[in-house]
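1. Fold the following for me, if possible:
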Amino acid sequence: MDQATRVQRAAGRLGNRLHLWALVELFVLSGFAIAQPLLDVTGRSPDFFLFRRADRLDIVLLVLGVTLLPALVIWGVEVAVGLVSETVRRFLHLAVVTGLITLLTIGVAKQLTELRGSRLVMIGLAGGVLAAVLYGRQRWLRLWLRYLAPAPLVFALIFLLVSPTSKLVLPASADVPAGRAPAAAADGQPPLVMILLDEFPLSSLLDARGRIDRRVYPNLARLADRSTWYRNATGVSGFTPWALPAMLTGNYPAKRKAPSYTEYPDNMLTLFGKYYDLKVYETISQLCPPSRCPPSAGGPQRAGLRAVIDDSARVYREIVAPYDVTVDPASFVDQTAAEAGKPLDPWFRFNRLLLNQPSRFNDFLAGLEDADRPTMQFLHLLLPHAPWRYLPSGNGYNYKSFARGFKIGQAPAPVVELAHQRHLLQVAYTDRLIGQVIDRLEAEGMWEKSLIVMGADHGEGWVPGEKPRALGETNAPDLMWVPLFIKAPGQDNGVVDDRNWEQVDLLPTVADLAGIQVPWKMDGRSQTGKPARTRTDKWWFDVPGHRKVRDGPANWKVVLAGETDTLARAAEGVRGLYRYGAAADLVGREPASVGPVTLDQEATATLDDFQQYTQIKPTSGRVPVLVSGTFTSPLPTTSTVLVAVNGRIGGESRLFPERPDAPAVRFAAITPDTFWKSGDGRRQLQVYVVDRSGGQPRLQLVSLTAE
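-> Just a heads-up that it's a prediction; the model follows:
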């Protein structure tokens, strides 16, 4: 026997021992059952990677992992088992083949049929068992698996070269060149501090004279006193992923695109990064490329490869789940879906919004330091954006207990009014944070020389029956007009400028003040000199490319009428925000001053968050001031409810239904955190039904129980 023959036989024995054909089969089956569906979903969703701040290497490692690792790990286990018992190895391999084909069958049947739940599982198991029987008895099936060996590689290449996510991987389009302008140009830029707030109507700040009510919002008034306040500024879209790029590119929303640097390569952050060192804290966008803004700068709590792996596992579980998940894992949430009442992407809509905004703000605040090189400090803060969870004092509260249960635009008037009050309370908290920024800039010696910008992307509508962030017939004043302040370097006097400003003017104006030329065509115009817009109407885009027009002067007149003197009692400062609406004058009074308390009829209600009232700790930073519940005894629908804390009325509520077409049995009111004391909150809380049927109001004490 010659040497070549011996080597060939040895290789054959090694191949038989390692079961390389089994590896090929596992590679194909895991490719179809795991790699293909996962890469298809994430390949259609570049924002999946953008919002986890995954770089090119993270994405490539994910592709390699899902394509190779399942087969290699299973094969390694099979080889190890085969060293002990070849019979057990064969049974194990057959079981794995059955399992992978079952997963594949479930995925295919889920796409092609309406079957869900146990019936879908049974179909999957039947497909897996049938395929396993054929695999064991028919050689042609094994041959076909081996012929399909290139398929997983094709799936990976489609993802890397053709899918929408390929823009993040291919060098030609995945990044923006990181070259800087000449040092002489960079040295001429003033320090730039930009804070963009979210869901912030200008009318929330104004008193009856159209001025910022410094009794309630002293820090925003202080900012206006030392900057140029563009009082007639309006946003251009009620959906932040379209409004924010419009502000940072200078162009109206034209197409539905994810708010990423791959979709908007020409934006303020990519441009200013050539002149500034960037400290960028984005929230629902990634307009700054990772090469300029590393993941540590304002990214989510979990970022990079670990976040991609964890959330990819979640996405795959949703793909193979035998029931419909909340939403297509690949879908990018858009306003069209929201308006149609379709479910929103749970990660995008809620996880991002529930990030600890004060913690992100504190990180930004700590980074406000004078530096040798020009630095741009950028923060997009989801305040006073919902969820409304902060009080003016900084305390959080039990905001989750009050779930509306209504589709967008269908909330009844009492729910909308409560939301409006809670919004104003969160605006007061936001004012507190703005004060900290001003103090920090002054302490660091940066105020005088810095270019400072504070604005918002859009407002919030408060008209029952109209969608809060879609332009309706009457909600334009609250939805379109937003605060906007720009302090030029060296400026210390306040100017109120009432020119027709739209938020596409932000980039050209800031670039002009910073001495930077914008190299692309913009819809917006620099507003540093004479007014650049002659028309008086306002443009708005609920949907990119579809413009709506509203009369500017008529709606602005409504804005200037203000809210703090009409909806609340601003003369009492921040405390006056708790004195809101029809019951404003009752807050702080003793219940007996409203009318006699009667005990002749029993009223009962279940209290939401009943356990949270067992121990009140005001110093903990969280107080359950939102009191809500459901009446279990019949009441007239015209009844009103008073909520008292330690003998003082804290809020009032009209009855409303739990859902459309349901009886009006719910109540909810927010109370001042200063009314609560340490101890048993259930003893501190009293709820009364107000009966006005006999002329003089009478109060009926309500017995509260756990749900």
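2. What are the buried residues along stretch 672-682?
-> Using 16 or more other C-beta atoms under 10 Å as the test for burial, stretch 672-682 gives Pro672, Asp673, Thr674, Phe675, Trp676, Gly681, Arg682. Every residue, glycine included, has its C-beta placed from N, CA and C.
3. separation between the third one and Arg648?
-> Distance, Thr674 to Arg648, by C-beta to C-beta, to the nearest Å: 10 Å.
4. Tell me which stretches of the stretch 101-250 of the chain form strands.
-> For the stretch 101-250 of the chain, applying DSSP state E, counting those that start in this stretch gives strands covering 192-197, 228-230, 233-234.
5. If you could redo that for the stretch 551-700 of the chain, that was the one I meant.
-> With DSSP E, counting those that start in this stretch as the criterion, the stretch 551-700 of the chain has strands at 597-607, 626-631, 640-645, 648-654, 656-657, 664-670, 685-691, 698-706.
6. As a markdown table, those strands with mean neighbour count would be great.
-> A markdown table is the format used below for those (neighbours: other C-beta atoms under 10 Å):
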| stretch | mean neighbour count |
| --- | --- |
| strand 597-607 | 14 |
| strand 626-631 | 22 |
| strand 640-645 | 25 |
| strand 648-654 | 23 |
| strand 656-657 | 20 |
| strand 664-670 | 23 |
| strand 685-691 | 21 |
| strand 698-706 | 17 |
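7. how about Tyr323, what does it touch?
-> Tyr323 sits next to Arg116, Gly117, Leu120 when contact means C-beta atoms under 8 Å, 6 or more residues apart in numbering.
8. Buried among these? Need that as a selection in PyMOL.
-> Only the buried members of the contacts of Tyr323 end up in this PyMOL selection, burial being decided by 16+ other C-beta under 10 Å:
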select buried, resi 120
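9. Please identify which of the contacts of Tyr323 is nearest to Asn232.
-> Arg116 (53.0 Å; C-beta to C-beta).
10. Any figure for the gap between the nearest residue to Arg575 once chain neighbours are set aside and Arg214?
-> In space, and not counting its chain neighbours, Arg575 is closest to Pro672: 6.9 Å by C-beta to C-beta, 6 or more residues apart in numbering. Distance of Pro672 to Arg214, computed by C-beta to C-beta: 21 Å.
11. Ok, Ala132 next?
-> 75 Å.
12. ok so, going back, export the strands of the stretch 551-700 of the chain as TSV, with columns for distance to Ser260.
-> Shown next, in TSV, are the strands of the stretch 551-700 of the chain (distance: least, C-beta to C-beta, whole Å):
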stretch	distance to Ser260
strand 597-607	45
strand 626-631	36
strand 640-645	45
strand 648-654	43
strand 656-657	40
strand 664-670	37
strand 685-691	48
strand 698-706	47
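13. In JSON lines, list those strands along with mean pLDDT and distance to Glu417.
-> Listed next are those as JSON lines, based on pLDDT from 0 to 100; distance: least, C-beta to C-beta, whole Å:
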{"stretch": "strand 597-607", "mean pLDDT": "83", "distance to Glu417": "20"}
{"stretch": "strand 626-631", "mean pLDDT": "94", "distance to Glu417": "14"}
{"stretch": "strand 640-645", "mean pLDDT": "95", "distance to Glu417": "12"}
{"stretch": "strand 648-654", "mean pLDDT": "95", "distance to Glu417": "8"}
{"stretch": "strand 656-657", "mean pLDDT": "91", "distance to Glu417": "10"}
{"stretch": "strand 664-670", "mean pLDDT": "94", "distance to Glu417": "10"}
{"stretch": "strand 685-691", "mean pLDDT": "92", "distance to Glu417": "17"}
{"stretch": "strand 698-706", "mean pLDDT": "90", "distance to Glu417": "21"}
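14. low pLDDT regions in this structure?
-> By pLDDT under 70, the weakly predicted segments of the chain are 1-18, 51, 171-187, 294-303, 324-355, 403-405, 407-409, 600, 694.
15. Report all helices and strands that the longest helix anywhere in it contacts.
-> In the chain, assigned by DSSP state H, the helix with the most residues is helix 413-443. Packing partners of helix 413-443 (3 or more C-beta pairs under 8 Å, 6 or more residues apart in numbering; DSSP states H and E): strand 192-197, helix 218-225, helix 357-366, strand 648-654, strand 656-657, strand 664-670.
16. What pairs with the next helix or strand after it, parallel or antiparallel?
-> For helix 413-443, the following helix or strand on the C-terminal side (DSSP states H and E) is strand 451-456. Neighbouring strands of strand 451-456 in its sheet, by DSSP bridges, are strand 192-197 (parallel), strand 484-487 (antiparallel).
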